[in-house]
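**Student:** this one's structure only:
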């Protein structure tokens with residue numbers, strides 16, 4: 001069956017489609033139906049099934065003879081450490097940790113916050129919670145105390161599992177003082193904290209509250225897997241909200257298992273036993289879905305990488321990991337490739353390694369600009385597959401399903417809707433727009449299994465954020481078009497569509513043009529307030545390493561390129577060359593914050609920002625063109 005056949009089979013009978021996909025999961029009690037629409041528009045999946053995530057991710061592979069296969073490859077160029085953990089070893093470690101949590105009173109339904117770096121123990125903590133039916137909430141290691149406190153108060157954890165520190169190139173991030181500060185600020189107090197002491201920094205434990213990771217596991221009885229209902233929350237993952245208050249995305253257990261398992265072969269085209277690597281962090285949804293759960297559920301070996309695309313030690317670190325560990329499918333964010341391209345524009349480091357094992361590169365997390373995709377394709381000589389999804393959705397919603405059929409690539413589009421989705425473009429009044437016109441991207445309800453059924457303790461906010469504006473649809477918050485062939489083009493967040501003298505323009509389309517300039521390594525375009533035209537686009541450009549041409553020449557050339565390709569209607573005349581762009585730790589450019597700086601508005605410092613000092617540099621640059629007064 002090709003893509004069209006598979007998609008048509010879902011559209012004809014979604015219930016049968018997902019029930020068939022559910023056959024690949026080990027159920028303690030098989031569900032009798034897929035969709036539960038009794039509380040629409042709050043839909044749920046596989047509600048009458050009983051299942052355990054940890055069993056499906058770990059134990060069943062041991063039972064089926066895969067015990068000696070590597071489950072996790074840990075590669076840390078920061079600590080110069082490499083090691084493998086087999087499925088058998090992983091099961092024993094997770095069962096013991098789960099037993100220790102259980103002995104301390106953690107039960108099914110209790111919440112546990114995990115505040116850890118990119119080490120195997122982080123995955124073990126997640127799986128240990130899943131083993132006993134506890135609901136974990138991973139908070140990115142190094143988050144500020146006040147942001148961690150907000151999450152503690154929202155999900156009220158019985159326990160917190162943390163490491164003593166995280167490691168960045170050239171610095172140690174002291175987790176324990178941040179954790180202590182958060183607990184002091186929070187109204188809710190955990191019963192206890194489990195601290196994993198890293199050898200790079202041993203922290204002081206708080207007597208009566210903190211227990212040592214190894215010590216508290218000593219002599220406990222390993223825990224068995226606890227079956228939970230299909231709609232039991234597997235985890236809560238906080239994503240940034242427009243109000244500054246984080247939104248706790250809930251992931252239900254049954255749909256999570258079924259959907260993630262389906263994607264590993266059909267989307268990422270790997271077979272059980274293959275090595276799969278997602279270069280992200282478990283603090284983000286990519287880390288949940290494609291470092292921890294999906295590869296292990298499917299029987300793949302997953303890579304846990306503690307490093308950066310450049311600087312640990314050089315722009316060749318990705319190629320080394322792929323070559324050494326025989327990676328078949330590799331998934332990362334476009335921003336990582338832009339960083340590599342900026343440091344090594346000719347791809348000289350790539351030539352040092354044999355990458356014949358690698359079959360495809362997958363990009364997601366932000367818009368994949370054509371310049372980056374084409375550079376990666378030329379460098380690697382394999383399919384470069386852009387795809388699109390969100391924290392809320394949990395796995396690819398728009399993509400090119402290489403395991404079913406590799407469709408023709410249209411560079412700049414993440415391709416077509418996956419089963420479960422039927423994307424449409426609406427105007428502000430909710431009318432469907434013709435193919436090729438820019439508007440709000442939506443998909444009809446119900447969302448497929450594995451997506452968010454609600455927000456944690458915030459049903460009204462869930463409805464307001466995603467359902468109320470376009471009744472009957474899920475509002476993605478992204479703007480784009482669907483072309484005549486059904487390919488979806490995600491152009492920008494809805495907030496990033498700017499109105500220049502009555503013309504709606506996508507900042508992403510202007511960024512595409514700027515990125516095509518040979519001297520530009522990375523760029524961002526924002527809309528700033530203008531008395532005459534309403535808004536004007538301003539471009540920020542980072543140059544490729546080694547470029548020493550006059551900046552004014554590069555600005556003139558990019559202005560001319562935008563005029564040629566988009567037209568005078570874009571009114572693009574303002575471009576700034578900067579050393580770096582403000583980003584989240586996951587690589588997303590903080591465009592909304594840049595807009596507020598330009599328009600001299602107050603803003604809340606984003607919790608996920610990688611380096612707040614960059615905002616001062618952006619402000620100084622904007623002042624040179626009369627903004628950020």
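**Tutor:** That came in fine, so what should we check first? Treat the numbers as computed from the prediction; the structure is a model and nothing was measured.

**Student:** Give me the pLDDT for the residue nearest to residue 110 when sequence neighbours are not counted.
**Tutor:** Excluding its sequence neighbours, the residue lying closest to residue 110 (CB to CB, 6 or more residues apart in numbering) is residue 158, at 4.3 Å. For glycine as for every other residue, the C-beta is placed from the backbone atoms N, C-alpha and C. pLDDT, residue 158: 98.

**Student:** so residue 158 makes contact with residue 193?
**Tutor:** No: with contacts counted by CB atoms under 8 Å, residue 158 stays clear of residue 193, the gap being 10.7 Å.

**Student:** Counting neighbours, what do you get for the residue nearest to residue 110?
**Tutor:** By other CB atoms under 10 Å, the residues close to residue 158 number 20.

**Student:** Please report phi then psi for it.
**Tutor:** phi -70, psi -30 (degrees, to the nearest 10).

**Student:** ok, now which ones touch it?
**Tutor:** Taking CB atoms under 8 Å, 6 or more residues apart in numbering, we find residue 158 in contact with 105, 106, 110, 111, 112, 134, 190, 191.

**Student:** at 10 Å instead, please
**Tutor:** By CB atoms under 10 Å, 6 or more residues apart in numbering, the residues touching residue 158 are 101, 104-107, 109-113, 134-135, 188, 190-192.

**Student:** Same check on residue 627?
**Tutor:** Going by CB under 10 Å, 6+ apart, residue 627 touches 528-530, 536, 538, 574, 576, 597-600, 619, 621.

**Student:** Cross these against strands and list the overlap.
**Tutor:** Among those, DSSP state E puts 528, 529, 530, 536, 538, 574, 576 in strands.

**Student:** ok, now which ones touch the first one?
**Tutor:** Right, residue 528. 498, 535-538, 574, 594-595, 597-599, 622, 625-628.

**Student:** Can you flag the buried ones in these?
**Tutor:** 498, 535-538, 574, 594-595, 597-599, 622, 627-628 (16 or more other CB atoms under 10 Å).

**Student:** Okay, buried residues for stretch 24-31 please.
**Tutor:** 25, 26, 27, 31.

**Student:** Tabulate those (JSON lines), appending secondary structure.
**Tutor:** Compiled in JSON lines, the buried residues of stretch 24-31 are given as follows (DSSP: H, G, I helix; E, B strand; the rest coil):
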{"residue": "25", "secondary structure": "coil"}
{"residue": "26", "secondary structure": "coil"}
{"residue": "27", "secondary structure": "strand"}
{"residue": "31", "secondary structure": "coil"}
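
**Student:** what two of those are the furthest from one another?
**Tutor:** Using CB to CB, the buried residues of stretch 24-31 span at most 12.7 Å, a distance reached by 26 and 31.

**Student:** Quick check: neighbours shared by these two?
**Tutor:** Counting by CB under 10 Å, 6+ apart, the residues touching both residue 26 and residue 31 are residue 51.

**Student:** quick one: average pLDDT of the lengthiest helix in the chain?
**Tutor:** Using DSSP state H, we find that the single longest helix of the chain is helix 87-103. The average of the pLDDT scores along helix 87-103 is 98.

**Student:** what distance separates that helix from the middle of the whole chain?
**Tutor:** 27 Å (CA atoms, centre = their mean, to the nearest Å).

**Student:** Residue 326: neighbour count?
**Tutor:** Residues lying near residue 326 (other CB under 10 Å) number 13.

**Student:** Report whether the expected contact of it with residue 357 is present.
**Tutor:** Yes: contact criterion CB atoms under 10 Å: residue 326 and residue 357 qualify, at 4.7 Å.

**Student:** Does the lowest-mean-pLDDT helix or strand in the chain pack against any helices or strands, and if so which?
**Tutor:** The weakest-scoring helix or strand in the chain, judged by mean pLDDT, DSSP states H and E, is strand 503-506 (a mean of 74). With contacts taken as 3 or more CB pairs under 10 Å, 6 or more residues apart in numbering; DSSP states H and E, strand 503-506 sits against strand 473-482, strand 488-493, strand 497-500, strand 520-530, strand 534-543.

**Student:** If we use 6 Å, what do you get?
**Tutor:** strand 497-500 (3 or more CB pairs under 6 Å, 6 or more residues apart in numbering; DSSP states H and E).

**Student:** residues making contact with the strand it packs on?
**Tutor:** The contact list for strand 497-500 (CB atoms under 6 Å, 6 or more residues apart in numbering) reads 479, 504, 505, 506, 527, 533, 534, 535, 571.

**Student:** could you give me the average pLDDT of that strand?
**Tutor:** If you average the pLDDT over strand 497-500, you get 78.

**Student:** Please spell out which residues along it are buried.
**Tutor:** Per 16+ other CB under 10 Å, strand 497-500 contains these buried residues: 497, 498, 500.

**Student:** So what sits opposite the last one in the bridge?
**Tutor:** Which is residue 500. Judged by DSSP bridges, the bridge partners of residue 500 are residue 503, residue 534.

**Student:** if I look at it, how far off is residue 104?
**Tutor:** 59 Å (CB to CB, to the nearest Å).

**Student:** Quick one: end-to-end distance for stretch 36-46.
**Tutor:** 7 Å (CA to CA, to the nearest Å).

**Student:** residues in contact with it?
**Tutor:** Outside stretch 36-46, the residues within contact range by CB under 6 Å, 6+ apart are 31, 34, 47, 230, 231, 254, 255, 445, 446, 449, 453, 467.

**Student:** can you check stretch 180-198 too?
**Tutor:** 104, 121, 145, 148-149, 152-153, 156-165, 209-211, 213.

**Student:** ok, now stretch 254-268?
**Tutor:** Applying CB under 6 Å, 6+ apart, the external contacts of stretch 254-268 come out as 21-22, 24-25, 45-46, 49, 51, 56, 230, 234, 270, 289, 293-294, 297-298, 329, 395-396, 399, 401, 403-404, 449-450.

**Student:** Could you do stretch 362-377 as well?
**Tutor:** Contact with stretch 362-377 is made by 331, 333-334, 337-338, 341, 361, 384-387, 411-412, 508, 512, 515-516, 588, as judged by CB under 6 Å, 6+ apart.

**Student:** just stretch 422-438 next, same as before
**Tutor:** If you take CB under 6 Å, 6+ apart as the criterion, stretch 422-438 is touched by 417, 439-444, 470, 481-484, 488, 504.

**Student:** quick one: low-confidence parts of the stretch 151-300 of the chain?
**Tutor:** In the predicted model, the stretch 151-300 of the chain carries pLDDT under 70 at residues 240-244.

**Student:** show me where the stretch 201-350 of the chain has strands.
**Tutor:** In the stretch 201-350 of the chain, the strands defined using DSSP state E, counting those that start in this stretch lie at 210-212, 228-229, 233-239, 247-252, 275-278, 301-305, 327-332.

**Student:** Out of those, which gets nearest to residue 84?
**Tutor:** Shortest distance between residue 84 and these, using CB to CB, is found for strand 301-305: 8.2 Å.

**Student:** Now do the closest one and helix 87-103, the angle between them.
**Tutor:** Angle of strand 301-305 versus helix 87-103, following axes from the mean of the first three to the mean of the last three CA atoms, to 10 degrees, is 70 degrees.

**Student:** State the paired neighbours of strand 301-305 in the sheet, together with their directions.
**Tutor:** By DSSP bridges, strand 301-305 pairs with strand 70-76 (parallel), strand 275-278 (parallel).

**Student:** so which of the ones you listed is the most packed in?
**Tutor:** strand 275-278 (a mean of 25; mean count of other CB atoms under 10 Å).

**Student:** contacting residues around it?
**Tutor:** By CB under 6 Å, 6+ apart, the residues outside strand 275-278 that reach it are 270, 286, 290-291, 295, 300-303, 325-331.

**Student:** Just give me how far it sits from the chain centre.
**Tutor:** Mean C-alpha position of strand 275-278 versus that of the full chain (CA atoms, centre = their mean) differs by 15 Å.
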